[in-house]
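attaching a predicted model along with its sequence, questions to come.
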Amino acid sequence: MSRDLETECTVFTRLLVRGAPGPYVMRKYADAVTVHARLAPRDAFERAALALARRGTWLARAADAHARLFAPSSALRKRLIVLLAILETAPAHHRTIDDPGMRFRAAAPLLLAAAGLRGVLALVLGAVLLVPVQLVARGR
Amino acid sequence: MERVVVVGSGASGVHFAQTLLKRGRPVTMLDVGRPRPAPVEPEATLDGLKEKLPDPASYFLGDALEGVLLPDRGSEYYGIPPSKGYVFDPPPGFAHESSGFEPLSSFARGGLAEVWTGGSYPFNDDDLRAFPFGWTELEPHYVEVARRIGITGANDDLTGFLPVHGDLLPPLELDEHSRLLVDAYRRKRDRLNRRGFRFGRTRVATLPVDRDGRKACSYLGRCLWGCPNDALWTPSMTLDACRKDPNFTYVPDVEVLWFTATTGGTIESVVVRRMDDGRRETFPLDRLVLAAGTLGSARILLDSVRRQSGTVPTLEGLMDNRQVLVPFVNLRMIGRPFRSESYQYHQLGLVLETADPAEAMFGLVTTLKTALVHPIAQALPFDLGTSLAITRAMHAALGIVNLNFHDVRRPENQVTLAPSQGDGPSRLKIRYTPSPDEPGRLRTGLSRLRRALASLGCIVPPGMAHVRPMGASVHYAGTLPMARGGNAWTTTPECRSRMFENLWLVDGSTFPALPAKNLTFTMMANAVRVAERF
């Protein structure tokens, strides 16, 4: 497995479940990305978005927030979805995904609002970083 | 001895065969019949399966992860799990052309109902208005099917829409979310009823108690991936029962291509293609019963007529239920944990009444528990990390209504054959155009549903309702309707062809109307009715 792919899987797993992927998830993810052509970046923008996302969870969040609205079928978005699908069936992670993640139900509205705010901030950061790249790459 | 040949092992074919066998008559069934794989770890719960399997992702998502729903694969909230993929595996060379319709065909042992959710809804007199018989005539046959397969339900506010028949078993245990919905409805029942909204238990072919050697539902939470202990009835179980009868001959691995008939309209034989070597073979017969599904039976009939007459006829009046998937969030359930060890398919249903009762809308309410979350999380307008956090918090609160709309026979909705190459198998050509008033009906239905759900404490997130393409419900019907009188492209009230004197059709082909209900239970009851008059 390439170093990039290993880093990518590690960062994305941390983003999704705040944990480490483990060998099973790492292997399934690498197999999926290697075998499926539709998970490969199609242009310079998609390569740049993936490279940015590998740098850390906040940059991955920002790049994906941008992709969700402006490049929903991009390689970054698809790879994150494939990884989430693997994680939700994997022994070490499915219970995390099935857990509501809230100790105090009364605080649910506040916690959901905070999550939404975090999503908006990620989108702003993603747009600042990736809109110029997207314009340049797709204007060529 | 009279040679009766039944084509197809789906829900109606197996009940037709079983009824004849009980009367001591021999039956030969021809079927492609792709077998169901053996269930894995049948005693394990869903979570147990994730822990026990050496490669759980392959089981839940497929070896090539084909079960992952990616953004470019439409807007469905769940797909057919890989373990059920065999149901749609076509024989070599099978193809169709379609416009405005996305047909699904099955060549599995047991047919399409191998992947059904067990919804068993009797038609009432309003639904049967266009049929040459009413509820009173059909009711004993519903009872017979209910006795054979086991159907749960309750006498509640849906009874006007879903008449109560004999041999109805008590309903399954409700999960917490469903209980909250029922409680909310009880509190506002009078007001909601005045607005034409009714709510209650659906009818499902899943056993709540052990019966006839089958085990009761053990709430393993694996419904979506295939019930491992056969508590949920599928046609292959009745097929297995038929195969124990010495009068029954099951011929799998053959695809029926066409039949040959005399110029006087008497069918003499069917021509089949063997799946193993492609060789053709002829089965002589005295009576032919098509139970290959509306589209499968149409293909066999059309190709037979084409070969006999040199012209390609067109069948009119194809019907299907338009379905709209409407996700909702129950505000009282946000942040709560959920139990995956519970029944996963719909247990509750709702009816939106209309001025003409035959046009009522019927919604199946499924509270989401063990459905995969990646299709839901990706639909939210945030990055996937944020969307997952929100989905986790709301998982127990999520539900989905599958709102069904009725259909009527219209001449513009047609099934015919595309020109075939040489002597090869023919291809169906399907054309469907929704009725002009459909957009208005959908808008009204969705608006009424939103208001009703709001009264139950649920919100429908804007922009997330998904209108499924025609063909997705797989409730196909109407191409050769039964009628007291009619032309050659109709059948008698006993579902006997008016063109070929020894041909019967016992699938959805003969339905002259399609209410907003899964037609499978009525197809089975009708097949029993026809077999008793055969």
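Received the coordinates, thanks. Please read these numbers as outputs of a predicted model, since none were measured by experiment. Residues are numbered from 1 along each chain as shown, chains lettered A, B, ... in the order given.

and the closest residue to chain B within chain A, how many neighbours?
For chain A, the residue closest to chain B is residue A:119, as judged by C-beta to the nearest C-beta, at 3.4 Å. For the C-beta atoms, the positions are set from N, CA and C on the backbone; glycine is no exception. The number of residues packed near residue A:119 is 22, by other C-beta atoms under 10 Å in any protein chain shown.

that one and residue B:383 touch, don't they?
Yes - contact criterion C-beta atoms under 8 Å: residue A:119 and residue B:383 qualify, at 6.0 Å.

so which elements touch the lengthiest helix in chain A?
Secondary structure of chain A per DSSP state H: the longest helix is helix A:108-139. Applying 3 or more C-beta pairs under 8 Å, 6 or more residues apart in numbering or on different chains; DSSP states H and E, one finds that helix A:108-139 makes contact with helix A:44-53, helix A:57-70, helix B:384-394.

nearest to residue B:1, of those?
Shortest distance between residue B:1 and those, using C-beta to C-beta, is found for helix B:384-394: 61.1 Å.

can you check which residues contact both of residue A:119 and residue B:383?
Shared contacts of residue A:119 and residue B:383, defined by C-beta atoms under 8 Å, 6 or more residues apart in numbering or on different chains, comprise residue A:65.

picking up where we left off before, got the angle for the longest helix of chain A vs helix A:57-70?
70 degrees (axes from the mean of the first three to the mean of the last three C-alpha atoms, to 10 degrees).

how about helix A:108-139: buried residues?
Neighbour-count burial for helix A:108-139 flags A:108, A:111-112, A:115-116, A:118-119, A:122-123, A:125-127, A:129-130, A:133-134, A:137 (criterion: 16 or more other C-beta atoms under 10 Å in any protein chain shown).

now the farthest one out in chain A, which residue is it?
Most distant residue from the mean C-alpha position of chain A: residue A:106, 29.1 Å away (C-alpha atoms, centre = their mean).

mind listing what the residue nearest in space to the middle of chain A touches?
Residue closest to the average C-alpha location in chain A (C-alpha atoms, centre = their mean): residue A:80, at 4.3 Å. By C-beta under 8 Å, 6+ apart, residue A:80 lies in contact with A:12, A:15, A:16, A:60, A:64, B:384.

tell me the pLDDT of the last one.
pLDDT, the model's per-residue confidence, is 97 for residue B:384.

that one reaches residue A:82, doesn't it?
No - contact criterion C-beta under 8 Å: residue B:384 and residue A:82 do not qualify, at 10.8 Å.

who has more neighbours, these two?
Shown here are residue B:384 and residue A:82; by other C-beta under 10 Å, residue B:384 has more neighbours (28 against 24).

apart from its chain neighbours, what residue comes closest to that one?
Of all residues not flanking residue B:384 in the chain, residue A:80 sits nearest, at 4.6 Å (C-beta to C-beta, 6 or more residues apart in numbering or on different chains).

surely the one you found is in a helix?
Yes - the assignment for residue A:80 is a helix, going by DSSP: H, G, I helix; E, B strand; the rest coil.

one step back: residues in contact with the residue of chain A closest to chain B?
A:65, B:381, B:382, B:383, B:386, B:387.

just give me the neighbour total for the residue of the stretch 201-350 of chain B found nearest chain A.
Nearest residue of the stretch 201-350 of chain B to chain A: residue B:335, at 4.0 Å (C-beta to the nearest C-beta). The number of residues packed near residue B:335 is 23, by other C-beta under 10 Å.

would you point out the helix or strand in chain B whose mean pLDDT is lowest?
None of the helices or strands of chain B scores lower by mean pLDDT, DSSP states H and E than helix B:374-377, at a mean of 91.

shaky segments in chain A?
Chain A contains residues with pLDDT under 70 at A:140.

quick one, phi/psi of the nearest residue to residue B:273 once chain neighbours are set aside?
Sequence neighbours aside, residue B:255 is the residue nearest to residue B:273 in space, at 4.8 Å (criterion: C-beta to C-beta, 6+ apart). Residue B:255 adopts backbone torsions of phi -110, psi 120, taken as degrees, to the nearest 10.

show me the contacts for residue B:255.
For residue B:255, the contact set (C-beta under 8 Å, 6+ apart) comprises B:32, B:91, B:107, B:272, B:273, B:275, B:425.

quick revisit: does the least confident helix or strand of chain B reach chain A?
Yes - applying C-beta under 8 Å from any C-beta of the partner chain, one finds helix B:374-377 touching chain A at B:374, B:377.

just confirm residue B:243 contacts residue B:249, I think it does.
No - with contact defined as C-beta under 8 Å, residue B:243 does not reach residue B:249; the gap is 9.2 Å.

name the residue in these two with the higher neighbour count.
For residue B:243 versus residue B:249, neighbours defined as other C-beta under 10 Å are more numerous around residue B:249 (15 against 12).

show me the domain layout of chain B.
B:1-34+B:105-150+B:233-312+B:476-534, B:154-226+B:322-405+B:437-469 (automatic domain parsing).

among the ones you listed, which is the most enclosed?
domain B:1-34+B:105-150+B:233-312+B:476-534 (a mean of 21; mean count of other C-beta atoms under 10 Å in any protein chain shown).
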